[in-house]
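>>> Fold the following and give me the result.
(one chain, ligands or ions: 1)
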Amino acid sequence: MNMLAEGRPTKQEENLVMPEQNSVTTHSGNRALIVDEPLIFETGSPDRSGVDLPAAPDVASRLGGLERTAPIGLPGLSEGEAVRHYTRLSRQNYAIDVGLFPLGSCTMKHNPRLNEKMARLKGFADIHPLQPVETVQGALGVINELAVWLIELTGMYGVAMSPKAGAHGELCGILCIRAALEARGDAREVILVPESAHGTNPATAAFAGYKVEDIPANSDGRVDLEALKARLGPDVAGVMITNPNTCGLFEPDMKAISDAVHEAGGFVYCDGANFNAIVGKVRPGDLGVDAMHINLHKTFSTPHGG
Ligand SMILES: *Cc1c(COP(=O)(O)O)cnc(C)c1O
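Purely as a prediction, here's the structure:
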């Protein structure tokens, strides 16, 4: 909270900053994204090394004249320099063990250490993507059971378990909407996003090739239904709505929003990052939502991602 509200790190966060970074200033005073540790290739000198390798044996080349003629450009650091470089980088990681995580919906979540431990069970963590399918039936069983629960809770027709987090799920959902529109030969260009939307919403729409337009909010901080209806038309592919929204307010007009968008031939995407506030009370599918993502790490306390 402190970092966002005042733009400066708290005392504990200050301690995370390396001494040489203290000289760096930004407009807001927030240095969270500043990584001024040079790349490993920019430090040391190529003639130095942290390991002793035996000299290469004197054998004839079998590369038929394709041998490298210049050095391959490995970084040259002593062992101590290499250790310090990576230790300095590791200290720039922000972690719940060193301070508050200052992002709204991520702050609401509780991720018990036990869940991290469960995710690291060998039957999950040691699976290889090319492993024979009969050897991963247990993990597939768990994934399938979860998928069935998610369908039940959301009222959707199907679920994809492949996206790795919210932003990835958004891209998956918006690309599904794009595919559905293209399948009916309907080249729409615009996705409408409320002013209060999380940055990933417009970023996803733009990444999927859409133009992004704002939907204004009314004085309550909710979507202005009349302004939305006025903008709908044959060029609008869909809307992306977070419900409850980023201000923590439930959109009571959600069904009316969905009906209006559907009537205009568009699709409704729901950003489910705040699903924990309504899970078990209302199903997004019943509110007319066509596609949504669920942040399992926000609503269901899994380790981040998934
Ligand atoms: C957290 C969040 C996202 C992005 O989810 P990630 O899992 O962090 O990629 C998208 N929208 C909203 C409203 C969020 O709070």
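
>>> Need the contact partners of the host helix or strand of Val148.
With elements taken from DSSP states H and E, the one containing Val148 is helix 137-154. Outside helix 137-154, the residues that touch it by Cβ atoms under 8 Å, 6 or more residues apart in numbering are 123-124, 127, 133, 156-159, 161, 272, 275, 279-280, 283-285, 289, 292, 294. To be clear about C-beta, it is placed using only N, CA and C from the backbone, and glycine gets the same treatment.

>>> Now intersect the residues you listed with the helices, please.
Using DSSP state H, the members of the contacts of helix 137-154 that fall in helices are 123-124.

>>> all strands for this protein, in order.
190-194, 211-215, 236-242, 267-271, 291-293 (DSSP state E).

>>> would you turn those into CSV with distance to Asp36?
Output for the strands of the chain, formatted as CSV (distance: least, Cβ to Cβ, whole Å):
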stretch, distance to Asp36
strand 190-194, 34
strand 211-215, 32
strand 236-242, 34
strand 267-271, 34
strand 291-293, 34
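
>>> Quick one: closest of those to Gly169.
The closest approach between Gly169 and any of the strands of the chain, judged by Cβ to Cβ, belongs to strand 291-293 at 2.8 Å.

>>> Run through who's touching the closest one.
With contacts defined as Cβ under 8 Å, 6+ apart, strand 291-293 is touched by 154, 156, 163, 166, 168-170, 172-174, 176-177, 267-273, 284.

>>> If we use 6 Å, what do you get?
By Cβ atoms under 6 Å, 6 or more residues apart in numbering, the residues outside strand 291-293 that reach it are 166, 169-170, 173, 176, 269-270, 272, 284.

>>> Partner strands of that strand and their direction?
Partner strands and pairing direction for strand 291-293 (DSSP bridges) are strand 267-271 (parallel).

>>> the inter-axis angle of the partner strand versus helix 137-154?
Angle, strand 267-271 to helix 137-154, by axes from the mean of the first three to the mean of the last three Cα atoms, to 10 degrees: 110 degrees.

>>> so which of the strands of the chain gets nearest Thr204?
Across the strands of the chain (criterion: Cβ to Cβ), the nearest stretch is strand 236-242, sitting at 7.6 Å.

>>> quick check, that closest one touching the ligand?
Yes: counting by Cβ under 6 Å from any ligand atom, the ligand is contacted by strand 236-242 at Thr242.

>>> Remind me what that strand packs against, helices and strands.
When contacts are defined as 3 or more Cβ pairs under 6 Å, 6 or more residues apart in numbering; DSSP states H and E, strand 236-242 sits against strand 190-194, strand 267-271.

>>> Tell me, how many residues neighbour Gly233?
Gly233 is surrounded by 11 other residues when neighbours are defined as other Cβ atoms under 10 Å.

>>> possible to save the strands of the chain as JSON lines with distance to Gly141 and mean pLDDT?
Listed next are those as JSON lines, based on distance: least, Cβ to Cβ, whole Å; pLDDT from 0 to 100:
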{"stretch": "strand 190-194", "distance to Gly141": "37", "mean pLDDT": "96"}
{"stretch": "strand 211-215", "distance to Gly141": "40", "mean pLDDT": "96"}
{"stretch": "strand 236-242", "distance to Gly141": "32", "mean pLDDT": "97"}
{"stretch": "strand 267-271", "distance to Gly141": "28", "mean pLDDT": "97"}
{"stretch": "strand 291-293", "distance to Gly141": "23", "mean pLDDT": "97"}
